[in-house]
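> I would like the atomic coordinates for the input below:
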Amino acid sequence: MTPVQLSRPSFDGPVRLDAGDAAFARRLAHGDAWALDAIYRRHAPALRRFARRYVGAEHAEDAVHDALARTQQALLGRGRVVELRPWLFRCVRNACLSELDRAARRHAADTDVEPAAAGGADCCDVASRNEQLRAALTSMAQLPPRQREALALRALDGHGYDELAAHFGVKENAAVQLVHRARRNLTALVAA
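Residues are numbered from 1 along each chain as shown. The predicted structure is shown next:
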């Protein structure tokens with residue numbers, strides 16, 4: 001496997017970002033390391049925004065690079081084609097969770113305190129949060145399909161309003177209103 005420099009992509013080949021993710025995934029699966037550069041250029045800004053929500057700006061770039069390195073290891077030249085965007089977001093999420101876990105362990109080791117006593121959650125807190133999450137997801141299923149999809153894309157997948165507008169074929173203000181209505185309706189359903 002040929003290593004690809006992730007911190008400063010080379011973009012030696014003609015970077016054609018108009019090709020779809022499926023084409024990039026196929027090229028990567030068939031051993032084209034250049035495709036990883038194009039994938040980085042296309043998805044890195046959204047992946048960084050997503051990672052900043054978990055680990056802050058100081059570790060977001062590391063999470064993105066870790067995700068791309070894992071993508072390279074898992075897919076480059078292996079003939080395995082995946083849905084690229086969900087794969088990358090899942091890899092970034094996993095990298096962020098790993099970083100948060102390492103940070104919690106470092107903090108616990110530095111303070112010599114059990115993680116639950118150092119601000120971690122005890123089992124009652126976890127059970128309560130799980131019950132709230134279950135109620136929210138059950139209520140989310142009651143939303144109209146368009147609102148449910150908009151809320152999932154915005155809140156769970158980290159899409160920007162411009163991406164939502166393109167997805168739904170509406171103006172950006174309409175996408176903002178759609179997400180606002182979904183949140184307001186979900187809040188009312190959970191409170192009921």
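
> so, low pLDDT: which residues of the chain?
Flagging of the chain using pLDDT under 70 yields the residue ranges 1-19, 108-123.

> mind listing what's buried in the longest helix anywhere in the chain?
In the chain, assigned by DSSP state H, the helix with the most residues is helix 84-111. By neighbour count, with 16 or more other C-beta atoms under 10 Å as the criterion, the buried positions of helix 84-111 are 84, 85, 87, 88, 89, 91, 92, 93, 95, 96, 99, 108. C-beta: built from backbone N, CA, C; applies to glycine.

> one more: stretch 20-28?
So, applying 16+ other C-beta under 10 Å, buried residues of stretch 20-28: 21, 24, 25, 26, 27, 28.

> which of these sits closest to residue 175?
Among the buried residues of stretch 20-28, residue 21 lies closest to residue 175 (C-beta to C-beta), at 21.3 Å.

> list the contacts of that closest one.
Counting by C-beta atoms under 8 Å, 6 or more residues apart in numbering, residue 21 touches 39, 42, 83, 84, 85.

> JSON lines for those, including distance to residue 164?
Formatted as JSON lines, these follow (distance: C-beta to C-beta, whole Å):
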{"residue": "39", "distance to residue 164": "22"}
{"residue": "42", "distance to residue 164": "18"}
{"residue": "83", "distance to residue 164": "19"}
{"residue": "84", "distance to residue 164": "19"}
{"residue": "85", "distance to residue 164": "14"}
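
> among these, which pair sits farthest apart?
Maximum distance among the contacts of residue 21 (C-beta to C-beta): 14.2 Å, for 42 and 83.

> looking at these two, which is more packed in?
Applying other C-beta atoms under 10 Å to residue 42 and residue 83 shows that residue 42 carries more neighbours, namely 19 against 11.

> against residue 187, how distant is the more buried one?
35 Å (C-beta to C-beta, to the nearest Å).

> number of residues surrounding the closest residue to residue 183 other than its chain neighbours?
Once flanking residues are discounted, residue 183 sits nearest to residue 151: 6.6 Å by C-beta to C-beta, 6 or more residues apart in numbering. By other C-beta under 10 Å, 21 other residues sit near residue 151.
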